[in-house]
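# Pasted the sequence and its predicted model underneath.
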Amino acid sequence: MPELPEVEVTRRSFAERIAGARVQGVRLGKPLRWPLGIEPESLVGRTVHGVRRRGKYLLVDLSEGLLLLHLGMSGSLRFDPNLPEAALHDHFDLLTDRGVLRLNDPRRFGAVVYSASELAPEAVKLLGSLGVEPLTEDFDLDAFHAGLKKRKAPIKQVLLAGDLVVGVGNIYASEALFLAGIRPTLSSARISRPRAARLQAAVRDVLARAVEKGGSTLRDFSNAWGETGYFQLEAMVYDRANKPCRVCGTPIRTIRQGQRATYFCPHCQKS
């Protein structure tokens, strides 16, 4: 699943190119996770003011309203003036005078939803419960630690929940916990302030490096240029079960948490 770094990398790959574009048409393919919520032809003539990110959502600001895009489990975006005819898994095209923004999603868990504003019910439903952005100054240590102390669930699950800090998906939660030296099964409430500080720094470090490396391409992720990421090549624990830890040589272990695979080093992450 594309996570925060992949979504941010995607945003950066087309945001400047589409800014100022005028919408000339909309093509819908097979139904996605949620309906568009507006008649497609009513978007014609509107101007794209810019593209922002909130968690794993891309917000395409229009001269009137905005589009909220989610890549789901397997989605990807392309923006190009010379895209070929839409194929089987191309489910949304925003045709503009600067190119076509296309969502391709084989599993159709992605979405494109129109909202009149960020305060409208459609946007609030999708964005209202999201936690703070980890790569901004809003990711405050005191608030982070206080939030951890209120939760008894395993720390890995708390990070994945997204209501305390947003966008720390499965790959990056395992990597951040390794960097912070915290066992993924440890109760969130037991994390001291110094360890919370290490985890906060680790989350920021891992996500920033992943963005710099173009995200992680485990199966078919690529940005709006069609370029793949390579953060996965330097992962310390993720997808490395039974391989030696890059720090101590102990075999990496994997367990299941909430139907997701968790990877950790039993020596470097003792508690």
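Received the coordinates, thanks.
# what's the neighbour count on residue 157?
17 (other CB atoms under 10 Å). (Each C-beta comes from the backbone N, C-alpha and C, glycine too.)
# helices and strands around the helix or strand containing it, which ones?
Per DSSP states H and E, residue 157 falls inside helix 155-161. On a contact count with 3 or more CB pairs under 8 Å, 6 or more residues apart in numbering; DSSP states H and E, helix 155-161 meets helix 170-180.
# quick one: the helix it packs on to chain centroid distance?
15 Å (CA atoms, centre = their mean, to the nearest Å).
# pLDDT averaged over the helix holding residue 157, what's the number?
Helix 155-161 comes out with an average pLDDT of 97.
# got a list of contacts for it?
148, 151, 153, 164-165, 168-170, 173-174, 176-177, 182, 184-188, 191, 199, 203, 257-258, 260, 262 (CB atoms under 8 Å, 6 or more residues apart in numbering).
# From those residues, list just the buried residues.
Neighbour-count burial (16 or more other CB atoms under 10 Å) applied to those gives 148, 151, 164-165, 168-170, 173-174, 176-177, 182, 184-186, 188, 191, 199, 203, 257, 262.
# From the residues you listed, which land in helices?
148, 170, 173-174, 176-177, 199, 203 (DSSP state H).
# Tabulate the residues you listed (JSON lines), appending pLDDT.
Converted to JSON lines, those look like this (pLDDT from 0 to 100):
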{"residue": "148", "pLDDT": "98"}
{"residue": "170", "pLDDT": "91"}
{"residue": "173", "pLDDT": "96"}
{"residue": "174", "pLDDT": "95"}
{"residue": "176", "pLDDT": "96"}
{"residue": "177", "pLDDT": "98"}
{"residue": "199", "pLDDT": "98"}
{"residue": "203", "pLDDT": "97"}
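# Of the residues you listed, just say which sits nearest to residue 96.
Lowest distance from residue 96 to those (CB to CB) belongs to residue 170, with 33.9 Å.
# Pretty sure that closest one sits against residue 260.
Yes - using CB atoms under 8 Å, residue 170 is in contact with residue 260, at 5.1 Å.
# Need the CA coordinates for stretch 54-67. PDB is fine.
Extracted as PDB, the C-alpha positions of stretch 54-67 are listed here (Å, rounded to 0.1, in the frame of the first residue of the first chain):
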ATOM      1  CA  ARG A  54      -2.900  15.400   4.300                       C
ATOM      2  CA  GLY A  55      -1.800  12.000   5.600                       C
ATOM      3  CA  LYS A  56      -2.200   9.600   2.700                       C
ATOM      4  CA  TYR A  57      -4.700  11.900   0.900                       C
ATOM      5  CA  LEU A  58      -3.800  14.200  -1.900                       C
ATOM      6  CA  LEU A  59      -5.900  17.400  -2.000                       C
ATOM      7  CA  VAL A  60      -6.200  19.000  -5.400                       C
ATOM      8  CA  ASP A  61      -7.300  22.600  -4.800                       C
ATOM      9  CA  LEU A  62      -9.600  23.900  -7.500                       C
ATOM     10  CA  SER A  63     -10.800  27.400  -8.200                       C
ATOM     11  CA  GLU A  64     -14.100  26.100  -6.700                       C
ATOM     12  CA  GLY A  65     -13.900  23.200  -4.200                       C
ATOM     13  CA  LEU A  66     -11.300  20.400  -4.100                       C
ATOM     14  CA  LEU A  67     -10.700  16.800  -5.000                       C
END
